[in-house]
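Chemist: compute the structure for the input listed below.
(chains A and B)
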Amino acid sequence: MTTQPQKVIPAEYIPDVGSFIEKIEGKDYLITNDAMYTFYRRTKGEFSSFFLALRDEKRLFGCKCTKCGLVRVPPFLTHCPDCNFAPTEPVEVGQVGVMNTTPPITYFATSLFQHMAPYGRGRVIFKGADTALSVNLYTTTGILVPGIIKKGTEVKLIFKENRIGEMTDVFCVPTAELTEGQIQKKGLQESEINWEAPVEPVLPAPSQEDISVYNDALNEIKSIISEMNTNERARKDVIGWKRDILVKTRGGRFAIIIDDGDIRLEEKELSSPDFVMVSDDPNVLLDGLAYRGAITDSVIGKKLWISKNMEFNTIFKLDRMARSVARSKKG
Amino acid sequence: MGKRVGIVGAGVTPFKGTWREKTYYELAQMATRGAVKDASIPIQDVDAAFYGIYNDIFERTAIPEHAIHGLLGMQNKFGIRVTTGGATGAYTMSAAHAYLAAGRFKTALVLGVEKATDCFDFSSMSATPEVIKSIGWSGDSFFEQPIGWTASDSYAEVVLAYMDEHPGDLKPEVTAKISSLLSEQVKGNKYAQRQFDQVTPEEVMNSRMVAYPFKELEICVYTEGASALILAEEETAKAISKNNGTPIVWITGLGEANEHSFAGKNHKQMSRIMSDHLASHRSYEMAGIEDPKKSIDIVELHDAFVHQLEITMAEFGLVPLGNADSLIEDGLMMPGGEYVVNPCGGLIYCGHAVGASNIMSAWSARSELIKRDLKTAIVHGTGSTIAQFTACQILEHE
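Modeler: As a prediction, this is how the structure comes out:
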């Protein structure tokens, strides 16, 4: 099987040549699509052996000062500045470590990492090391939320199947989510772990009361979405954005259509939505749209399920629209 | 000890989310025009220029200061650029002070300018992801950039490490209250990006999580703008002040420190911002301040994040480490409290035009000292990964 080579810059990031005018107080101002790009054949130099060991041997190396014995991982220097530049020597360290501190979790990522969000990045002191290696952190149980990985949590280094000699070749998961055999295995690969596949929550059959709650919430959501659609600040939040979203709640289903500055609610099923939102209680979405709490936080808190993590982007935009309407009301 | 150096003029442009009407050339000139006008001197009387411009990518050119040097009337004179991440503006003031104190020049222009939101992400059709990507190029390029390093997540690492050590501090209701307070204070700053964006603590608590533990309304905003100061050595400063009638605000103390950028034994202690501690205490020592709690009246600190504002206040020695929440709980930064903290609204509400931000803070501290007839202020800039860099200045109004 042949695969298409991956480009250094994916096509979706590259704009067409062009320009447009923005009018401010009656005057025209010119804006041009542009890029400042430089390609590299990047030298890995003294780090080559570290990255090659990750890529080819699934081994993790640090460097040990021949004088003070400090083991630095990654091996970011050849001579120890604390010992008047005494030489260091390579040393292999373990593939289990502990979190140096509680790691942050990024929900709103840069344009390069939106496909990864939410992701954790934290510092791990591997067995035999004195300094911490920055790694990506995941849980096998779904979306990473605060509390799963904390200071002192034991984690295991996992190797991806396709490795290119970058820090993206590895990541860590809590050892509590692995078997003893997996923890002990050197060079454990991603494919050897049981990842819980995202399963759409099954909603119970609605009662009359559920349907009544749904109808009340739906009316309010309709009114808010129609207000968003007439609010210039909110419309600006979804310029250039197109998504068909199917919303499923216990009492009923509807669609939210975002179409390049327009947003509308349609009381219908979508056969091929871009993504699905599921929430037992329709008021969870209503509160978010009414700016009584962030929809993002409902996803993080597992009150609202989304079928694609990368659609956090759309969730952010809905949160942004709610804030835009609230700000406009303040004047 | 070198010559005394004082601030004799200052100017800022409006801080805005985006300036479609101006390039950074014009923004730089606007702030400079304001500063020389405030000092009542012609630009020809300024001996040297010190440029605080953080990021080549924002300005879309690798030597952004070259074009503006002559446009500001500084041709054929000394010009140097400083870039130290978020601490760029504060470090630029330190550099200018050193040259003036050493007697190399009598007057200097300190100019910070940044154009940030021309960066645009065509995949999400919004600027912010591309702005934070551009800042993301500032992280370690071998080990951290490829796995999603951002300014937010690196500062969040420090904040979470502090919370590991002091689990009862930085309570969400306190960080929300501080953000709300800053949003009230910004009302008086007509140059601020968010002058009329007042928020309640409840709104802060309800705002979306951006990078745990930071919520959207607890984070500084990206800004375009410029700010400028005219500094002068003692005799020149006195002559300028006599002419324009504005009191001199002296820079009596300076301190800087850059920590390790990797963590672990003998490296960065993640639960502390030692750069803030060392830089502030070095500036106290130079200014002869023995007890900052008694001496400091105004704090203009670089609040990239509310949580970091609290830790920085503790590292300054103004509240105890582990009880930074006393800023609100004991009313220390509330109206009428011990300290006036970020009267300009800080970077969260006035805006963060990176190279210009700390210079804007100095502009605010100077004007607040004069307006309120108070004696001492501290100005602060923090930057780089894991709050690695700090520069501080003590300003004194006689």
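Chemist: distance of the most centrally placed residue in chain A from residue B:117?
Modeler: The centroid of chain A falls nearest to residue A:117 when counting by Cα atoms, centre = their mean (0.4 Å). Taking Cβ to Cβ, to the nearest Å as the measure, residue A:117 falls 21 Å from residue B:117. For every residue, glycine as well, the C-beta is placed using N, CA and C.
Chemist: how many neighbouring residues does the closest residue to residue B:292 other than its chain neighbours have?
Modeler: Nearest in space to residue B:292, with sequence neighbours left out and distances taken as Cβ to Cβ, 6 or more residues apart in numbering or on different chains, is residue B:317 at 5.1 Å. Neighbours of residue B:317 under the rule other Cβ atoms under 10 Å in any protein chain shown: 18.
Chemist: counting neighbours, what do you get for the residue of the stretch 101-250 of chain B found nearest chain A?
Modeler: Residue of the stretch 101-250 of chain B nearest chain A, by Cβ to the nearest Cβ: residue B:125 (2.9 Å). Residues within reach of residue B:125, counting by other Cβ under 10 Å, total 15.
Chemist: apart from its chain neighbours, what residue comes closest to it?
Modeler: Ranked by Cβ to Cβ, 6+ apart and with sequence neighbours excluded, the top spatial neighbour of residue B:125 is residue A:240, at 2.9 Å.
Chemist: from residue A:308, how far out is that neighbour?
Modeler: Separation of residue A:240 from residue A:308 (Cβ to Cβ) stands at 19 Å.
Chemist: so where is the chain shaky, pLDDT-wise?
Modeler: No chain in the question, so chain A it is. Residue ranges of chain A with pLDDT under 70: A:1-3, A:331.
Chemist: ah, I was thinking of chain B
Modeler: B:1.
Chemist: which secondary structure element contains the residue nearest to residue B:125?
Modeler: According to DSSP states H and E, residue A:240 maps onto no helix or strand at all.
Chemist: how close does it get to residue A:258?
Modeler: 10 Å.
Chemist: so between the two, which is more surrounded?
Modeler: Counted by other Cβ under 10 Å, residue A:240 and residue A:258 do not tie: residue A:258 has more neighbours, with 22 against 11.
Chemist: how about that one, what does it touch?
Modeler: For residue A:258, the contacting residues are A:238, A:241, A:242, A:243, A:244, A:245, A:314, A:317, by Cβ atoms under 8 Å, 6 or more residues apart in numbering or on different chains.
Chemist: so what's the residue count around the nearest residue to residue B:152 once chain neighbours are set aside?
Modeler: Distances taken as Cβ to Cβ, 6+ apart place residue B:211 nearest to residue B:152, at 4.2 Å, with adjacent residues excluded. Counted with other Cβ under 10 Å, residues neighbouring residue B:211 total 27.
Chemist: repeat that for the one 3 residues further on.
Modeler: The burial metric for residue B:214, expressed as a neighbour count using other Cβ under 10 Å, is 26.
Chemist: enumerate the beta-bridge partners assigned to it.
Modeler: Beta-bridge partners of residue B:214, counted by DSSP bridges, are residue B:211.
Chemist: what about it, distance to residue A:301?
Modeler: Taking Cβ to Cβ, one finds residue B:214 at 16 Å from residue A:301.
Chemist: before we move on, what about residue B:273?
Modeler: Note on residue B:273: its distance to residue A:301, by Cβ to Cβ, is 30 Å.
Chemist: these two: who's more crowded?
Modeler: Using other Cβ under 10 Å as the criterion, residue B:273 and residue A:301 rank with residue B:273 on top: 29 against 14.
Chemist: identify the residue nearest the more buried one in space, chain neighbours excluded?
Modeler: residue B:387 (4.6 Å).
Chemist: what's the neighbour count on that neighbour?
Modeler: Around residue B:387 there are 31 other residues, counting by other Cβ under 10 Å.
Chemist: now do the contacts for the residue of the stretch 101-250 of chain B closest to chain A.
Modeler: Residue B:125 makes contact with A:239, A:240, A:241 under the criterion Cβ under 8 Å, 6+ apart.
Chemist: and if you look at residue B:363?
Modeler: Applying Cβ under 8 Å, 6+ apart, the residues contacting residue B:363 are B:10, B:11, B:12, B:227, B:229.
Chemist: ok, and the closest non-adjacent residue to the third one?
Modeler: Same thing as residue B:12. Using Cβ to Cβ, 6+ apart and skipping the chain neighbours, the partner closest in space to residue B:12 is residue B:227 (4.3 Å).
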